[in-house]
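Undergrad: after the sequence you'll find the predicted model.
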Amino acid sequence: MAGPARDVLFERDAAGTWTALTNHDVLARAEAIALGLRERGLSSGDRVAMMSANRVDWIVTNLGILLAGGVTVPIYATQAIDQVAFILADAAANVIFVDTVEVAAHLRSGGIALEPIVFDAPASSPNALAALCAIGERRRAAAPDELARVAAEIDPASLAVLIYTSGTTGTPKGVMLSHRNVASNASESFGLVAATIRPGDPVLSILPFAHIYENMNVFGYLVRGARIYVTRRIERLLDDLRSVQPVAMFAVPRIFERTYAAIVAKAAAAGGLKAKLVPWALKVGLAYQRAALAGAPDLPLRAQYALAHALVLSKLRAQLGCDNLRFFVSGSAALHADIALTFAAAGMPILEGYGLTECSPVVTVNYPGNARPGTVGRALPSVEVRLADDGEILVRGPNVMLGYYHHPEETAEALRGGWFHTGDVGTIDADGFVRIVDRKKEIFKTSGGKYVAPSRVETALSRSPFVAQAVVIGSGKAHPAALIAPNWTAVRAELDLPDDPPERLAANEVVRAFFAAEAQRTTADLASFEQIRWTGILPRDLTIEDGELTPTLKARRRVVEERYGGLVREYLDTVTA
């Protein structure tokens, strides 16, 4: 944060105007928070929780906690109250920051005794972030060298982040990441894009800071000297893209899938020539990119692509606020190659990477000049990746966690033989590019003895602009089935449906027949035993709040199957084991 003053962190104020903090502002505020925490009795190694939606205060406070020698315990803003209570108790956190007075009241009503420090509380409140900063400023005057002494005593191998992940099974489990873990990951990951994210470049930050993915990205952006624009409301993403015109943005597959679906739905709603022209152009762009990967597109396809690009594809960059975009990055789950290739055809490359919370998180990554579509890239320079005999991906390197907090047996199991056992099954080609098959525990066997990777099939289904979410089931059956949450806006426009509530439309035979055909179409290029032969229609999207998704938007299959047991039983009645 040293050097000449420059704007580094941006967010919209109440009026919607972007406001900035300079590097000097960030450092001064982070130091004030750090000294305020020390004044309140924080010692090195103490746990400090943060439960807040994305905002600049989150980033600055995180820096302050680390400067004070504390350990950050991030908590999702959407986390259930019982899980919040568990995390605070398990981590023995003695301080928690929250964003609003409403969240503070919610914690109190849930029986949590720890009194929060509130970002938005009036400065006159003793529990306001502003009041803590004022305490810190007074301490700075009395002990100007304190933070330098604290920093000198921090061991790079000591705990920096205790981040709880519930995965798809439920109970949160603390992952211990050291200063070295996160620093090495940020340094190496962003070192690979040094030529494409340069000092002063605008980037848009949209993923939750409570996930290690964006937590680490922020450090990487700061290292690169980028101008970081923080999206506080994901529903404003398109407005923020158009306003910021970022050179890069890190996201999850669902963002790209929904963007694709929105493009198709908007064209359908417009009607006329546009309703036919846009899908045709997207289809041509995909075919062109596939042909380019296979060798070289023939002359007729090149001519079609030139026309599709001139009429439609070249305009999408501007419509999405991506005139300056150099690349997107997709992580956290599988992105179907067709989505990536379609965006590439419009001049918006999506680079996939792979990682886990336990690996800080990046393990492998594609990057400009070294990318292979359909893979998640190659291992970071200091990271080693190999396959176990059963295809499980094993990782070794400075990014691998210290262990699971309070879980020595699970730590020993995960880190046996000096390698972290990821639980993911994959392949590695001759050039070191990795492909992910699925979670080892998610793969199931059909009655014909074939193994099905649900995420592979779900990713194929997600290509449809009419599918918002899909959960694949079918262990022990002849063929897998899909529980589908429709994109009702697109489906209503496509089928000219009555204005009935989704609960009624989900039972509509026209809707059911449409999705049966759509599922067969999108999975037709999979192996015959992977193809979907039965679909159940969910009346609404799966949500984090209802416990059906993890905070990183992965389906909790067990919860979904139990909640929609009627549909599952209907499926079981139609097939034989």
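TA: Received it, and whenever you're ready, just let me know what you need. Keep in mind that this is a model prediction, so the values were computed, not measured. Residues are numbered from 1 along each chain as shown.

Undergrad: only C-alpha atoms from now on, for both contacts and neighbour counts.
TA: Fine.

Undergrad: residue contacts, residue 328?
TA: In this structure, residue 328 makes contact with 248, 249, 250, 251, 348, 349, 350, 351, judged by Cα atoms under 8 Å, 6 or more residues apart in numbering.

Undergrad: so it, which of the three states?
TA: Here residue 328 is strand, with the state taken from DSSP: H, G, I helix; E, B strand; the rest coil.

Undergrad: how close does it sit to residue 188?
TA: 18 Å (Cα to Cα, to the nearest Å).

Undergrad: residue 473 too?
TA: 38 Å.

Undergrad: from the contacts of residue 328, pick the one nearest residue 569.
TA: For these, the minimum distance to residue 569 (Cα to Cα) is 35.6 Å, reached by residue 251.

Undergrad: give me the residues contacting the longest strand anywhere in the chain.
TA: In the chain, with assignment by DSSP state E, the single longest strand is strand 420-428. For strand 420-428, the surrounding residues in contact (Cα under 8 Å, 6+ apart) are 356, 386-387, 390-396, 400, 414-415, 434-441.

Undergrad: mind redoing it with 10 Å?
TA: With contact meaning Cα atoms under 10 Å, 6 or more residues apart in numbering, strand 420-428 is reached by 355-356, 358-359, 375, 377-378, 385-388, 390-397, 400-401, 403, 411-415, 433-443, 453.

Undergrad: tell me the contacts of residue 37?
TA: Per Cα under 10 Å, 6+ apart, neighbours of residue 37: 31, 43, 48, 64-65, 68-70, 95, 132-133, 135-136.

Undergrad: if any of these are buried, put those into a ChimeraX selection.
TA: Of the contacts of residue 37, the buried ones go into a single ChimeraX selection, burial set by 16 or more other Cα atoms under 10 Å:
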select :31,48,64,65,68,69,70,95,132,133,135,136
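
Undergrad: narrow the contacts of residue 37 to those in strands?
TA: 48, 95.

Undergrad: and of the contacts of residue 37, the nearest to residue 566?
TA: residue 48 (43.6 Å).

Undergrad: more neighbours, residue 473 and residue 188?
TA: residue 473 (21 against 17; other Cα atoms under 10 Å).

Undergrad: any regions of the protein where pLDDT drops low?
TA: Residue ranges of the chain with pLDDT under 70: 1-2, 166-170, 575-577.

Undergrad: thinking again about what came up before, pull out the buried members of the contacts of residue 328.
TA: Using 16+ other Cα under 10 Å as the burial test, the contacts of residue 328 include 248, 249, 250, 251, 348, 349, 350, 351 as buried.

Undergrad: test my guess that the fifth one contacts residue 285.
TA: No. Counting by Cα atoms under 10 Å, residue 348 stays clear of residue 285, with 12.0 Å between them.

Undergrad: overlap in contacts, those two.
TA: In contact with both residue 348 and residue 285: 313, 341, 342, using Cα under 10 Å, 6+ apart.

Undergrad: I'd assumed residue 280 was in contact with the last one.
TA: So that's residue 342. No. With contact defined as Cα under 10 Å, residue 342 does not count as touching residue 280 (11.7 Å).

Undergrad: stretch 506-520: which residues count as buried?
TA: Neighbour counts over stretch 506-520 (16+ other Cα under 10 Å) mark 506, 511, 512, 514, 515, 516, 518, 519, 520 as buried.

Undergrad: can you check stretch 552-560 too?
TA: 552, 553, 554, 555, 556, 557, 559, 560.

Undergrad: ok, residue 560 touching residue 554?
TA: No. Using Cα under 10 Å, residue 560 is not in contact with residue 554; the gap is 11.3 Å.

Undergrad: which SS state does residue 332 fall under?
TA: coil.

Undergrad: ok, back up a step: in the sheet, which strands lie alongside the longest strand of the chain, parallel or antiparallel?
TA: Applying DSSP bridges, strand 420-428 is found paired with strand 392-396 (antiparallel), strand 434-439 (antiparallel).
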